[in-house]
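A.B. asks: After the sequence you'll find the predicted model.
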Amino acid sequence: MSVLIGFDDTVYGQDALALGLRLAGVTSKSAIVATVFPGSTRGLVAMNDPRWVDEARRAAERKLDTARVLVGNRPNVTYEALGPAAASAGLHEFAERTRPEMIVMGSSEHSTVGRVSPGSTVEQLLNGAPVPMAVAPRGYRRRGGSIRQIAVAFDGGPESWNALAIASGLAQRLGGSLRLVCVATRAADEQLTTLDRAAAEAPNGVKVITELIVDEVPSDTLTNLPGDPDLLVCGSRGYGRARHVLLGSVSTQLVRKAAYPVLVVPRLDTTSTSGVS
């Protein structure tokens, strides 16, 4: 399996490239850098014109040439020009067909520096992505270091257990730590017990810390965790299309406002309505 990186030859595409290569290194996976060339705005007839398609593909290949320069001689990186299609549709179809371990995208030009804020392409892809999807905050390309601390938005629901499983695998492979964060309107022994049970599920050798934070607005806390984790993992909402990413109220705010990369995992094949939403 591989990490699929959406690249569009902008600074936001460079943010996605930096995060995607880091995650690919963490998972010892190959990386696929992909750009989607569009159909003609002049309509379907022009889009099917071989001359139009050839020029659009050449433009996409020039973008990928920029990615090749940025990546350098790193092994196990391939490049794909996809299309003609809308960016979200092209990446979605490719992900459905190839099933990468995750998709990585950048934020939009409207995001605040250091914050995640997806553009229309990213939001369209997030709502229905067939695999986990990560979004890099604006300016991530300038950040150094590696992914060492992975935070998990954990409320005890089935979707947050799924997020924990994926975060645990990442933490084990990189030799990092897990930070399980439960945000609730009031503290209760049941929540502490659930956090302890979740911590006990972590792989051997993975350091785990748990936090129970009392706050009326979970998304505000999770987007501004002290000590800035290197990655925040959250689940989809607990209902809707199984095995696809479906943003709910909390996960939507996380991918719009977090100060660190956010990885949203698909919902489980379950009829439960519990979990991060």
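C.D. replies: Received, thanks. Bear in mind the structure is a predicted one, so any value in this text is a computation, not a measurement. Residues are numbered from 1 along each chain as shown.

A.B. asks: Distance of residue 36 relative to residue 204?
C.D. replies: 41 Å (Cβ to Cβ, to the nearest Å). For glycine as for every other residue, the C-beta is placed from the backbone atoms N, C-alpha and C.

A.B. asks: quick one, which of those two is more surrounded?
C.D. replies: Higher neighbour count among residue 36 and residue 204: residue 36, with 26 against 5, using other Cβ atoms under 10 Å.

A.B. asks: and the helix of greatest length in the chain, what other elements does it pack with?
C.D. replies: Identified as the longest helix of the chain according to DSSP state H is helix 50-71. When contacts are defined as 3 or more Cβ pairs under 8 Å, 6 or more residues apart in numbering; DSSP states H and E, helix 50-71 packs onto helix 11-27, strand 30-36, strand 77-82.

A.B. asks: outside of the shortest one, which residues touch it?
C.D. replies: Looking back up the chat, that one is strand 77-82. Contact with strand 77-82 is made by 21, 24, 30-37, 57, 60-61, 64, 67-68, 71, 90-91, 93-94, as judged by Cβ atoms under 8 Å, 6 or more residues apart in numbering.

A.B. asks: Buried residues, it. List them.
C.D. replies: 77, 79, 80, 81, 82 (16 or more other Cβ atoms under 10 Å).

A.B. asks: go on, the second one?
C.D. replies: Of the residues in strand 30-36, those scored as buried under the neighbour-count criterion (16+ other Cβ under 10 Å) are 31, 32, 33, 34, 35, 36.

A.B. asks: now that strand, how far from the centre of its chain.
C.D. replies: 14 Å (Cα atoms, centre = their mean, to the nearest Å).

A.B. asks: follow-up on the earlier one: now the helices and strands packed on helix 50-71 as CSV including distance to residue 261 and mean pLDDT?
C.D. replies: Formatted as CSV, the helices and strands packed on helix 50-71 follow (distance: least, Cβ to Cβ, whole Å; pLDDT from 0 to 100):
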stretch, distance to residue 261, mean pLDDT
helix 11-27, 5, 89
strand 30-36, 15, 96
strand 77-82, 19, 96
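
A.B. asks: can I get those in CSV with distance to residue 128?
C.D. replies: Formatted as CSV, the helices and strands packed on helix 50-71 follow (distance: least, Cβ to Cβ, whole Å):
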stretch, distance to residue 128
helix 11-27, 19
strand 30-36, 16
strand 77-82, 17
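
A.B. asks: Could you say which one of the ones you listed comes nearest to residue 169?
C.D. replies: Residue 169 lies closest, by Cβ to Cβ, to one member of those: helix 11-27, at 8.1 Å.

A.B. asks: and the angle for that closest one with strand 77-82?
C.D. replies: Counting by axes from the mean of the first three to the mean of the last three Cα atoms, to 10 degrees, helix 11-27 lies at 140 degrees to strand 77-82.

A.B. asks: in helix 11-27, what counts as buried?
C.D. replies: 12-27.

A.B. asks: Which of those sits closest to residue 230?
C.D. replies: Residue 230 lies nearest to residue 22 out of these, by Cβ to Cβ, at 8.8 Å.

A.B. asks: how about the buried residues of strand 77-82 in TSV, adding distance to residue 100?
C.D. replies: Output for these, formatted as TSV (distance: Cβ to Cβ, whole Å):
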residue	distance to residue 100
77	13
79	14
80	11
81	17
82	13
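
A.B. asks: farthest-separated two in these?
C.D. replies: Using Cβ to Cβ, the buried residues of strand 77-82 span at most 16.1 Å, a distance reached by 77 and 82.

A.B. asks: Residue 192 reaches residue 212, doesn't it?
C.D. replies: Yes. Using Cβ atoms under 8 Å, residue 192 is in contact with residue 212, at 6.1 Å.
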